[in-house]
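Asker: the sequence and its predicted three-dimensional model are supplied below.
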Amino acid sequence: MKVYLDNAATTPIEPKVLDVMTDVMRSAHGNPSSIHQAGRRARTIIEDARKRVAQHLNASIGEIFFTSSATESNNMIIFCAVRDLGVQRIISSPTEHPCVLNSLKSVSALLGTEIDFLNVDSKGNISTEELNDKLSSNTVKTLVSLMHGNNEIGTMLDLPAVSKVCEAHGALLHTDAVQTVGKYPIDLQETKVNFLSASGHKIYGPKGIGIMYINNDSPINAFIQGGGQERQMRSGTENVYGIAGFAEALDWLVSQRDHHHDHVEGLRRHFKESVKAKGIDIHYNGNQESLYLSNILSLCVPKNEKSDLIMFNLDIHGICASAGSACSSGVEQDSHVIAAIQGSTERKTIRLSISHNNTKEEIDYVIEKIATLI
């Protein structure tokens, strides 16, 4: 049996999305910056996609920009907030995605920006009280950068609560929403966020396309220089079919959101109940009762001669899973997230990330194989 349980790393392209992209590749070959008919058709596709993305986030059309990835979006937001908006301090957490953590290192080294990390508890939660205290104790211009849903352990941020704290202190707020856009409602009129990022390949769309939301009240300047595409904000000829694919994927995912959530939550519950009934020695990382990504199960299993090679052995049995983030060097290494929550060094972490495509039969097969390896 072949079982794909690494959807937090990347999702398969939805067939409907692939059809739309293929049509664009065949019929919309013009450069969007050209003024002739072919160019205007490509431009229309981009602007239609921008409008659809904005509607799903309840944002203005002019606040949505297309990039190559959420990594690019996060880099641009962090660097340009310091360069253009006078940010002197960034408050973040030690469980952020590597593209955020490494951007923080860079602005600290290159621009002298103060980096201040919040503590996280054993489930990966930050404290809004600590955030409030940090913002109260120092009035320098501050950017708060916290991910909406953790890609390794599934713990979610109480974004509305954090937004209120930031707004009360005049701090800017950036959230990496890669794991939540499309899967959970985000209303940027109800919850004030200055910057947000997302990526196409996490929402059953293509790789190589991301978005960046920049609130009109927080204008930053271009990070990549060139021909001035994306309204002077992101130079480079636009990835027209990727942009069309992103919008189509988001449309489709939002339309299926409740159905997918119920299905995935059911499989998650089935996994945990079956493991408990069979007496298998598995613990779980991250929140389990509330504020969690339903599609991510971070398992903590005992170490032994088999579990040390558990990812390799699962792969042999046709099971695609991961030990944590797939967004680093491609080599399995100790997780900074598990270290931050002080996870047990006597146990091995496996991340299963479920989708609507998975079945109970697949989950039962995975439980069986994990049991034999631990």
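Answerer: Here it is on my side, so go on.
Asker: from now on I want contacts and neighbour counts done on CA atoms only, so please keep to that.
Answerer: Fine.
Asker: tell me where the stretch 251-374 of the chain is predicted with low confidence.
Answerer: Applying pLDDT under 70 to the stretch 251-374 of the chain picks out residues 324-333.
Asker: could you pull out the strands for it?
Answerer: Assigned by DSSP state E, counting those that start in this stretch, the strands in the stretch 251-374 of the chain fall at 283-285, 296-302, 319-320, 347-353.
Asker: now the helix or strand where T71 lies: buried residues?
Answerer: In this assignment (DSSP states H and E), T71 forms part of helix 70-85. Neighbour counts using 16 or more other Cα atoms under 10 Å place 70-83, 85 of helix 70-85 among the buried residues.
Asker: same question for stretch 288-305.
Answerer: 292-303.
Asker: repeat that for stretch 98-105.
Answerer: 99-101, 103-104.
Asker: how about stretch 164-181?
Answerer: 164-166, 171-181.
Asker: restricted to helices, list those.
Answerer: 164-166 (DSSP state H).
Asker: quick revisit: for the buried residues of stretch 164-181, which one is nearest D187?
Answerer: D187 lies nearest to V181 out of these, by Cα to Cα, at 10.5 Å.
Asker: helix, strand or coil for the closest residue to the closest one other than its chain neighbours?
Answerer: Distance criterion Cα to Cα, 6 or more residues apart in numbering; nearest residue to V181, sequence neighbours excluded, is A198 at 6.6 Å. Assigned by DSSP: H, G, I helix; E, B strand; the rest coil, the conformation of A198 is strand.
Asker: which residues sit against stretch 31-44?
Answerer: The contact list for stretch 31-44 (Cα atoms under 8 Å, 6 or more residues apart in numbering) reads 28-30, 229, 237-238, 240.
Asker: most neighbours, which of those?
Answerer: Counting neighbours by other Cα atoms under 10 Å, V240 leads the contacts of stretch 31-44 with 25 neighbours.
Asker: wait, doesn't that residue sit right on D48?
Answerer: No. Using Cα atoms under 8 Å, V240 makes no contact with D48, being 11.1 Å away.
Asker: about what we covered before: I'd like to know which elements the helix or strand just after the helix holding T71 is packed against.
Answerer: Helices and strands here follow DSSP H and E; after helix 70-85, the next one along the chain is strand 89-92. The contact analysis (3 or more Cα pairs under 8 Å, 6 or more residues apart in numbering; DSSP states H and E) places strand 89-92 against strand 114-117, strand 142-145.
Asker: what's the closest of the ones you listed to I341?
Answerer: I341 sits nearest to strand 114-117 of all the helices and strands packed on strand 89-92, at 13.4 Å, using Cα to Cα.
Asker: list the buried residues for stretch 257-273?
Answerer: Using 16+ other Cα under 10 Å as the test for burial, stretch 257-273 gives 257, 260-261, 263-265, 267-268, 271-272.
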